[in-house]
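Asks: below is the structure, and that's it, no one-letter string:
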Ligand code: NAP
């Protein structure tokens with residue numbers, strides 16, 4: 001779908017659900033900048049957007065007088081399946097923040113429900129839209145890959161202030177940001193992944209890990225993953241891949257690339273603009289896009305990992 005062609009159509013009327021950090025930081029600006037979309041209404045228990053009709057839940061929003069063509073879900077992952085089902089049952093196209101659900105079974109159920117209802121479902125992975133990811137994938141395509149290392153280390157208090165849900169059941173803990181790294185590595189390396197070993201550091205009184213190490217394998221390629229939610233000082237969102245043509249390094253969450261001994265190059269972040277552009281394309285074609293590979297890795301690590309109880313965590 002060309003942009004000019006879409007401009008002659010009615011904009012897609014979005015109902016945005018869960019008005020929190022990511023809705024405000026990324027979704028609302030991306031929707032407002034893209035002429036293919038208009039924000040028609042919101043559904044959130046307390047949040048809203050100035051000048052936009054606000055409802056307290058999705059059922060009320062869909063029962064309201066505003067026409068809604070598609071919904072975009074920005075709530076925490078626990079409970080998202082129920083919200084998505086309401087949308088699908090109402091025949092609305094659905095865009096899901098990552099991770100698409102708290103279990104693979106739930107995510108697969110949503111994919112099946114959308115297919116049966118004939119509505120597009122887009123399970124987004126925003127980090128796959130980071131500036132350098134596709135260049136890295138293209139460069140790696142004809143290389144022999146030896147090993148890969150991921151370090152995703154950030155300060156939970158800085159990036160997720162007060163978000164207790166992230167350490168509650170279904171919150172994914174350090175895998176909430178860590179799944180972004182996994183969404184990139186599953187795009188970069190061909191083949192499926194297995195989890196060989198995982199170690200989870202879970203604070204006493206919490207359900208999800210605050211740090212983890214995971215040993216993955218994709219074919220012959222070992223991938224060592226280090227996730228840390230307590231990193232103060234320099235923050236790291238890095239992936240390093242050894243190849244027969246030298247190392248490839250992605251840093252800044254996929255925005256910066258360095259190949260062999262070349263200096264690093266950084267490009268601007270257009271992750272959410274690209275996600276909404278893709279959603280518009282999927283809607284135009286009546287198609288879905290739901291790759292669940294990153295979620296499968298996280299589920300295997302959380303279910304099979306050894307658990308170490310560490311000191312309690314408070315924001
Ligand atoms: P958040 O700031 O906590 O916002 C989520 C919003 O959802 C809340 O403000 C809340 O608004 C609503 N909500 C509905 N049910 C809830 C519940 N049971 N517990 C808490 N809030 C509930 O979270 P967020 O950082 O925006 O993250 C939301 C999703 O986006 C997550 O899946 C996350 O992985 C993803 N994401 C986050 C970031 C980031 O940088 N923060 C980046 C990319 C993706 P009401 O109180 O008004 O209902």
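Replies: Structure received. This one's a predicted model, so the numbers in the text were calculated from it and none came from an experiment. Numbering: from 1, shown residues only.

Asks: in contact with residue 215, which residues?
Replies: Shown in contact with residue 215 (CB atoms under 8 Å, 6 or more residues apart in numbering): 195, 196, 197, 198, 222, 223, 224, 225. C-betas here are computed from N, CA, C, even on glycine.

Asks: mind doing that once more with 6 Å?
Replies: 196, 197 (CB atoms under 6 Å, 6 or more residues apart in numbering).

Asks: what helix or strand does it sit in?
Replies: For residue 215, the host element (DSSP states H and E) is strand 211-218.

Asks: cool, and residue 111?
Replies: Assigned by DSSP H and E, residue 111 falls in helix 104-117.

Asks: just list what that helix packs against, helices and strands only.
Replies: With contacts defined as 3 or more CB pairs under 6 Å, 6 or more residues apart in numbering; DSSP states H and E, helix 104-117 has these neighbours: helix 80-89, helix 293-304.

Asks: quick revisit: list the buried residues of the strand holding residue 215.
Replies: Buried residues in strand 211-218, counting neighbours by 16 or more other CB atoms under 10 Å, are found at 211, 212, 213, 214, 216, 218.

Asks: okay, now the unreliable bits of this protein?
Replies: 1-8 (pLDDT under 70).

Asks: what residues does this protein put near the ligand?
Replies: For the chain, the contact set with the ligand under CB under 6 Å from any ligand atom comprises 18-23, 44-47, 74-77, 79, 97-98, 126, 159, 163, 165, 176.

Asks: of those, buried ones?
Replies: Buried members of the residues of the chain next to the ligand, counted by 16+ other CB under 10 Å: 18-19, 22-23, 44, 74-77, 97-98, 126, 163, 165, 176.

Asks: just those: which are in helices?
Replies: Those of these mapping onto helices are 22, 176, per DSSP state H.

Asks: how many residues are close by the closest residue to residue 219 other than its chain neighbours?
Replies: Spatial nearest neighbour of residue 219, chain neighbours left out: residue 191 (4.5 Å); criterion: CB to CB, 6 or more residues apart in numbering. Residues near residue 191, counting by other CB atoms under 10 Å, number 11.

Asks: in a strand, that's where residue 191 is, yeah?
Replies: No. Residue 191 is assigned coil when assessed by DSSP: H, G, I helix; E, B strand; the rest coil, not a strand.

Asks: what values do phi and psi take at it?
Replies: Main-chain dihedrals, residue 191, degrees, to the nearest 10: phi 90, psi 170.
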